[in-house]
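Enquirer: Need the 3D shape of this:
(chains A and B)
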Amino acid sequence: MAGELLIQTIDIARFRAILPALDELDAARALSLESRVVLQEAAASPFAHSRWRTSFAVLLGRILSHPELELRVFLEPRELDRVIEGVMQVLCFENGAESSLVIPVGPNWVTLDIARAVFGDFDWFRAIFYPNREDLLAYPRAGFEGRYGVLSREDVARVAVGLQPLLDDPIPSEITARLQMLADHFDVLTLSQEVRAAAEGLARLAAKALSREELTLAHTSLL
Amino acid sequence: MSHSADEAVQRAEQLEREAHDAISEFRLEEAVGCLREALAIREACQGEAHPDLIWTLSLWIYALGRKHRPESALEAARLGERRLALRRTALAGAPDELAHLLRELIDIYTFEYQVLDTRRVDELRRELAALPQAGGAQREA
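Expert: Numbering: from 1, shown residues only, chains lettered A, B, ... in the order given. Have a look, this model is predicted:
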C-alpha cells in the first residue's frame, strides 16, 4: 500500500513549548537542564517504550545518562533524527502518535486508503489536506520520516461541517454515484463502509480537536 | 580562538547543516563535497584531534551509507576507524558508550550481510566481547 493519508490529533501548544528542546537536540551539543526535563518526560511516557519504539527509548536513556557530553560526540545523525521525531510524537500527539495501516480508524487516528478517492472529490477536503508548504509543522529535521501538515482551528471546523453529508443516513445520492463510479476498482459495499467509518472517525477527531483550544489535527501522507 | 578561526568554524558548521539537508534529499555528492570542505576547515583551525571532527565524520559516514554501494561502505569504514579513535578519547569518561561505538563500526563494515573486512571485524567483536557490559542484554533493537 502507498499514498494513504494519516490524520491524527496533536497538542499544538505542547509542540510550541517543546520546540526549544527540539532545536537544542538539532544542534547536537550538550543539552540544557530545561531540555533534559523534556527528554525525561518523554522517557517516562509509556509510548516511548512501545514495541516499535524500542531504539528510541534506548537512545533517550543514553542521552540522559550523559548530561556532560555533547550529543554529536556519541550519537549518529540518524539517531538524532529519530530522537527529535520520537520526542515530538510521544509528547505532542495523542497516544504517542500511535496509528495503523491495518486498522483504518483508531482512538486517535484515521488512515484514509481507498476512502481517500471519495474524500478527494470534496473541495473542502482538497483545500485542507493538500496543503501549501507554510501549512507544514515546522520542527528541526522534519522530513526524514515524512512531513506533517497542520490544520488551523477554522480548518478543523470546516472538516466537521464538510463531513456532515457523509454521516447522513442514507448517504446522499451524489456520493452514492461517486461510489458507483469507483466500483470498477473497488467493491461498492466495502467502499461505502470504509467511507462511513472514516467519516465517523474523522468527525470524532475533529470534535475532540475543537473541544480544547490547544488541540488540532495533523496529517501526513504515508509513502 | 582568533576571529578568523571563529569565522572558519562557523563556516564549517554551516557546511555541515547544508550537508545534512542534502543527505535528507539524497543529494549525496553535494553532501560529501560540503563535508570534505568542512573537515578540511576544522582540521586546519581546530587540529586533527579535536572532538568536533567527530560530527563531520558522522555526517560523511551517513552520506556514504545512503549511497548503498560496497565501495562507499569501505570508504565509510575508513572514516569510521578515524572517528572511533577520536571517540575513544572524547568518551574516555563514558566507558558504557564504547560498546555502542564498536557495534556501529561493525555495522559500517557490513554491507548487505557481507563483512567487508573479516579480520578487522573479528578484532572489534573480540574487543566488544571483552567489555564488562557487553552481551545480548545490552544489544539495542
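Enquirer: Name the spans of chain B whose pLDDT lies under the cut-off.
Expert: Where chain B drops to pLDDT under 70, the residues are B:1, B:133-141.
Enquirer: Chain A: helices as residue ranges?
Expert: Remark: helices assigned in chain A by DSSP state H are A:12-27, A:33-44, A:54-65, A:71-74, A:77-92, A:116-119, A:123-129, A:153-162, A:164-167, A:173-181, A:188-211.
Enquirer: Can you flag the weakest of those by average pLDDT?
Expert: Of all those, mean pLDDT reaches its minimum on helix A:173-181 (a mean of 77).
Enquirer: coming back round to it: can the helices of chain A go into TSV with extra columns for distance to chain B?
Expert: Every residue, glycine included, has its C-beta placed from N, CA and C. Converted to TSV, these look like this (distance: least, Cβ to the nearest Cβ, whole Å):
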stretch	distance to chain B
helix A:12-27	9
helix A:33-44	15
helix A:54-65	4
helix A:71-74	4
helix A:77-92	5
helix A:116-119	26
helix A:123-129	23
helix A:153-162	27
helix A:164-167	37
helix A:173-181	37
helix A:188-211	29
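Enquirer: Dump these to TSV, plus mean neighbour count and distance to A:Pro104.
Expert: What follows is these, written out as TSV (neighbours: other Cβ atoms under 10 Å in any protein chain shown; distance: least, Cβ to Cβ, whole Å):
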stretch	mean neighbour count	distance to A:Pro104
helix A:12-27	18	24
helix A:33-44	16	28
helix A:54-65	18	25
helix A:71-74	22	37
helix A:77-92	23	19
helix A:116-119	20	10
helix A:123-129	15	16
helix A:153-162	17	17
helix A:164-167	14	15
helix A:173-181	14	17
helix A:188-211	18	6
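Enquirer: Any chance of TSV for the ones you listed, columns distance to B:Ala92?
Expert: Below are the helices of chain A laid out as TSV (distance: least, Cβ to Cβ, whole Å):
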stretch	distance to B:Ala92
helix A:12-27	23
helix A:33-44	22
helix A:54-65	16
helix A:71-74	11
helix A:77-92	21
helix A:116-119	54
helix A:123-129	52
helix A:153-162	53
helix A:164-167	63
helix A:173-181	67
helix A:188-211	50
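Enquirer: Out of the ones you listed, which gets nearest to B:Asp52?
Expert: Comparing the helices of chain A against B:Asp52 with Cβ to Cβ, the closest turns out to be helix A:71-74 (7.6 Å).
Enquirer: Outside of that closest one itself, list whatever touches it.
Expert: If you take Cβ atoms under 8 Å, 6 or more residues apart in numbering or on different chains as the criterion, helix A:71-74 is touched by A:25, A:28-31, A:62-63, A:66, A:80, B:51-52, B:54-55, B:58, B:87, B:90-91, B:94, B:97, B:100-101.
Enquirer: Also stretch B:77-95?
Expert: A:65-66, A:68-69, A:73-74, B:49, B:51, B:53-54, B:57-58, B:60-61, B:64, B:97-98, B:101-102, B:104-105, B:108-109, B:116-117, B:120, B:131.
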